[in-house]
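# quick check, what structure comes out for this input:
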Amino acid sequence: MTDSLNINILAKTFDDLPIGVGIFQVQDLNDLKSIRYVFMNKVLLYEMRKERDEVFGKKIIEVAPEAYEHEGGLKVIETYRNVAADGGSVNLGLVEYSNHMVAGTYECTIHHIESNYVYVMLRNVTELEQTKNDLEEKNSELRQFAYVASHDLKEPLRTVSSFIQLLEKKYQGKLDENVSSPFLGQC
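Numbering: from 1, shown residues only. Predicted coordinates:
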């Protein structure tokens, strides 16, 4: 097999992954604006709302200058540089990002490939996080309802309990097993 065939197979494999994968070259470790796109799979291109020819081979500053102005974007870009320089992998956890076309919450990890090259794995978890927040809100509402309901039930139960205690005191020792309570026949 030729190298170009292997690269095509690899590119096709990455392109079809259900998670976003991108490869970046950090041309100058001292210049965050020198980072360029080497590869972006379909998922990342969709998330960016870009076509391949708009991205491949271009610098981030040319394609997404807002990333340098956005806290989440800048954190990711700085991590590209740090991982390219130091090696290893960094899990950034959840990163918020938005521009004029997209907004969301992403799970983001950055991994060293070789000198000055990193790859990023990105998964859009916006809907998952929204569902989680909705469930937490519903859970909070349910806890509040349970508290109110238990409080509302306690008062009548206290009244009944007090009434039973009064009856017990009033009839204590006056009733035996052969005598029935005046209340038993009414139930």
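# and E137, how close does it get to Q144?
Noted for E137: a distance of 11 Å to Q144, by C-beta to C-beta, to the nearest Å. C-betas here are computed from N, CA, C, even on glycine.
# do the same with E54
Shown here: E54 relative to Q144, a distance of 50 Å by C-beta to C-beta.
# quick one, domains of the chain?
The domain map for the chain lists 3-124, 131-175, with the assignment taken from automatic domain parsing.
# got these as CSV, with mean neighbour count and mean pLDDT columns?
CSV is the format used below for these (neighbours: other C-beta atoms under 10 Å; pLDDT from 0 to 100):
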stretch, mean neighbour count, mean pLDDT
domain 3-124, 16, 88
domain 131-175, 10, 74
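# pretty sure E96 sits against E107.
No - between E96 and E107 there is no contact under C-beta atoms under 8 Å: 11.6 Å.
# who are the packing partners of the host helix or strand of Q130?
Of the helices and strands defined by DSSP states H and E, Q130 is found in helix 126-171. Of the remaining helices and strands, those touching helix 126-171 by 3 or more C-beta pairs under 8 Å, 6 or more residues apart in numbering; DSSP states H and E are strand 103-114.
# mind giving me the packing neighbours of the strand it packs on?
Contacts of strand 103-114 with other secondary structure elements, assessed using 3+ C-beta pairs under 8 Å, 6+ apart, are made with helix 71-86, strand 89-98, strand 117-124, helix 126-171.
# what does the host helix or strand of E47 contact?
For E47, the element it lies in under DSSP H and E is helix 42-48. Taking C-beta atoms under 8 Å, 6 or more residues apart in numbering as the criterion, the residues outside helix 42-48 that touch it are 15-22, 40, 51-52, 55, 63-64, 102, 104, 106, 122, 124.
# measure how far that helix is from the centre of its chain, please.
The gap between where helix 42-48 is centred and where its chain is centred comes out at 19 Å by C-alpha atoms, centre = their mean, to the nearest Å.
# contacts only, for T109.
Residues counted as contacts of T109 (C-beta under 8 Å, 6+ apart) are S89, V90, N91, L92, V120, M121.
# and it, what are its bridge partners?
Legend: beta-bridge partners of T109 under DSSP bridges are N91, M121.
# please tell me how far it sits from N116.
Taking C-beta to C-beta as the criterion, T109 is separated from N116 by 19 Å.
# and R123, by the same measure?
Distance from R123 to N116, counting by C-beta to C-beta: 25 Å.
# and for C108?
According to C-beta to C-beta, C108 and N116 sit 20 Å apart.
# got the contact list for L92?
K75, V76, T79, C108, T109, I110.
# report the two of these separated the most.
Among those, the pair separated by the greatest distance (C-beta to C-beta) is K75 and T109, at 13.0 Å.
# nearest residue to C108 other than its sequence neighbours?
Residue nearest to C108 in three dimensions, not counting chain neighbours: L92, with 4.3 Å by C-beta to C-beta, 6 or more residues apart in numbering.
# what's the answer for A84, then?
V26 is the one closest to A84 (C-beta to C-beta, 6+ apart), at 3.9 Å.
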